[in-house]
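**Student:** here is the input, now give the coordinates:
(one chain, ligands or ions: 1)
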Amino acid sequence: MDLKELSSGVKDDKISEETKSLISSLPSHTDSHGLKMCKYQGCWYYHNTVQGVVNFQRGFQPQDTDIILASNPKSGTTWLKALTVAILERSRNHSSSNHPLLSDNPHGIVPFLEFDLYIESSSPDLSKYSSVPRVFSTHMPLHAIHETLKDSPCKIVYVARNVKDTLISWWYFRCAVRKIELNRSILESMFKSFCEGTFFYGPYWEHLLSYWRGSLEDPKKILFMKYEEMKAEPRAQIKRLADFLGYPFTKEEEENGCVDEVLNLCSLRNLSGLEVNKTGKVNNMEHKDFYRKGEVGDWKNYLTPEMENQIDMIIQEKLQGSGLKF
Ligand SMILES: Nc1ncnc2c1ncn2[C@@H]1O[C@H](COP(=O)(O)OS(=O)(=O)O)[C@@H](OP(=O)(O)O)[C@H]1O
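**Tutor:** Numbers count the residues shown, from 1 in each chain. All right, here's what the predicted structure looks like:
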């Protein structure tokens, strides 16, 4: 594998001596592609990402109005970023041609804390993100960001997705990034690692539960959304998001079609058809690879009944008693 092709979160070229020493003391394993991972504060990361997490925890200073969009990878992050940007930008009266979503990928507009910003240093230049509110994103679990954000009234939105669709989306993405055909042996090794909890940002259920419990404890600070509900009732869910962020749609906006405008702008079909999303890269990943089918239940086309049973049993057991269901 050509290391230059990898995204910065997965490589291991940004690690300080101090973090190397930390990593050497942590549980570790090597993934099926030969990339080294370690378990830091209960979550599995590639080594560069640990550096990003450590730098974030050391240096990030939240502002009261900050918005943090959190997710497990492949759970609807790109969509949530686009919707949040569109909700916030609607008051700025854009003409049809100068909306930020028309000239950049949602990941270019909303940076990831632990890869894009904090991977090189604990004091990155955030001046580019000075407009209010600042919007950042993360795949870190809540326990990794809690200490840094707990005294701030900033808001956190989490999007969760059914584990089986998340897994299939990851599989597609891994193959797309490596420019190879969908390959069942890759799916099988990813499946194993998902089930064992050793997948990137896993265990998957711990990630979900951290935000789920956080949202129950402090619903004004943490909004828990589900990809499936966003697909099933987009108008209700986007209004829920806008209300939570403190940018509710007015009655007039609802009547003049503004909610549908935002939804249409952020639809998979619209975003994936934009020139900016057909070309270009962010963090060594092609914009186009962030968009695929966006269907609920696509896993049925790929997982065997045995795989389905196994993963269902694990998730059922892990989420038991939490009140969280998919
Ligand atoms: N606008 C919009 N609407 C609905 N669904 C969308 C949208 N944009 C991306 N997607 C689908 O989300 C899946 C990618 O997940 P993420 O965006 O979380 O990926 S990432 O973590 O940011 O890499 C991936 O799902 P799958 O199609 O199931 O692979 C994308 O197709």
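
**Student:** show me which residues of the protein are close to the ligand?
**Tutor:** Taking Cβ under 6 Å from any ligand atom as the measure of proximity, the chain contacts the ligand at 71, 73-79, 82, 165, 169, 172, 266-268, 271, 290-294, 298. The C-beta positions use only the backbone N, C-alpha and C, and glycine is treated the same way.

**Student:** mind doing that once more with 8 Å?
**Tutor:** Where the chain comes near the ligand, counting by Cβ under 8 Å from any ligand atom, the residues are 71-82, 106-107, 139, 159, 161, 165-166, 168-169, 172-173, 227, 230-231, 266-268, 270-272, 285, 290-295, 298.

**Student:** give the buried subset of these as a PyMOL selection command.
**Tutor:** One line in PyMOL is enough to select the buried members of those, burial here meaning 16 or more other Cβ atoms under 10 Å:
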select buried, resi 71+72+73+74+75+76+77+78+79+80+81+82+106+107+139+159+161+165+166+168+169+172+173+227+230+231+266+268+271+272+285+290+291+292+294+298
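
**Student:** which of the residues of the chain next to the ligand fall within strands?
**Tutor:** 71, 159, 285 (DSSP state E).

**Student:** tabulate those residues in TSV, adding columns for pLDDT.
**Tutor:** Below are these laid out as TSV (pLDDT from 0 to 100):
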residue	pLDDT
71	98
159	98
285	88
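
**Student:** so what's the gap between stretch 210-217 and the chain middle?
**Tutor:** 17 Å (Cα atoms, centre = their mean, to the nearest Å).

**Student:** what's it in contact with?
**Tutor:** 70, 141-143, 146, 156, 158, 160, 221-224, 322-324 (Cβ atoms under 8 Å, 6 or more residues apart in numbering).

**Student:** contact partners for residue 297?
**Tutor:** residue 165.

**Student:** going forward can the numbers begin at 29, since that is how I track them
**Tutor:** Okay, residue one is now 29; in that scheme the one you just asked about reads as residue 325.

**Student:** what about residue 49, how many residues close to it?
**Tutor:** With neighbours defined by other Cβ atoms under 10 Å, the count for residue 49 comes to 10.

**Student:** oops, could you answer that again for residue 50 instead?
**Tutor:** Residue 50: 16 neighbours (other Cβ under 10 Å).

**Student:** that one reaches residue 79, doesn't it?
**Tutor:** No - contact criterion Cβ atoms under 8 Å: residue 50 and residue 79 do not qualify, at 9.4 Å.

**Student:** all helices for the stretch 229-354 of the chain, in order.
**Tutor:** Using DSSP state H, counting those that start in this stretch, the helices found in the stretch 229-354 of the chain span residues 232-245, 255-260, 262-273, 279-283, 286-293, 296-301, 303-306, 333-347.

**Student:** same check on the stretch 29-178 of the chain?
**Tutor:** 45-52, 75-87, 105-117, 128-131, 134-137, 170-177.

**Student:** distance from the fourth one to the middle of the chain?
**Tutor:** This points to helix 128-131. On Cα atoms, centre = their mean, the centre of helix 128-131 falls 20 Å from the chain's centre.

**Student:** on that earlier part again, any chance of the helices of the stretch 29-178 of the chain in a markdown table, plus distance to residue 235?
**Tutor:** Shown next, in a markdown table, are the helices of the stretch 29-178 of the chain (distance: least, Cβ to Cβ, whole Å):
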| stretch | distance to residue 235 |
| --- | --- |
| helix 45-52 | 20 |
| helix 75-87 | 13 |
| helix 105-117 | 13 |
| helix 128-131 | 27 |
| helix 134-137 | 19 |
| helix 170-177 | 8 |
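
**Student:** any chance of these in CSV, with mean pLDDT too?
**Tutor:** Formatted as CSV, those follow (pLDDT from 0 to 100):
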stretch, mean pLDDT
helix 45-52, 96
helix 75-87, 97
helix 105-117, 97
helix 128-131, 93
helix 134-137, 95
helix 170-177, 98
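
**Student:** so who does the residue nearest to residue 193 when sequence neighbours are not counted touch?
**Tutor:** Distances taken as Cβ to Cβ, 6 or more residues apart in numbering place residue 327 nearest to residue 193, at 5.3 Å, with adjacent residues excluded. Counting by Cβ under 8 Å, 6+ apart, residue 327 touches 190, 192, 193, 195, 196, 336.
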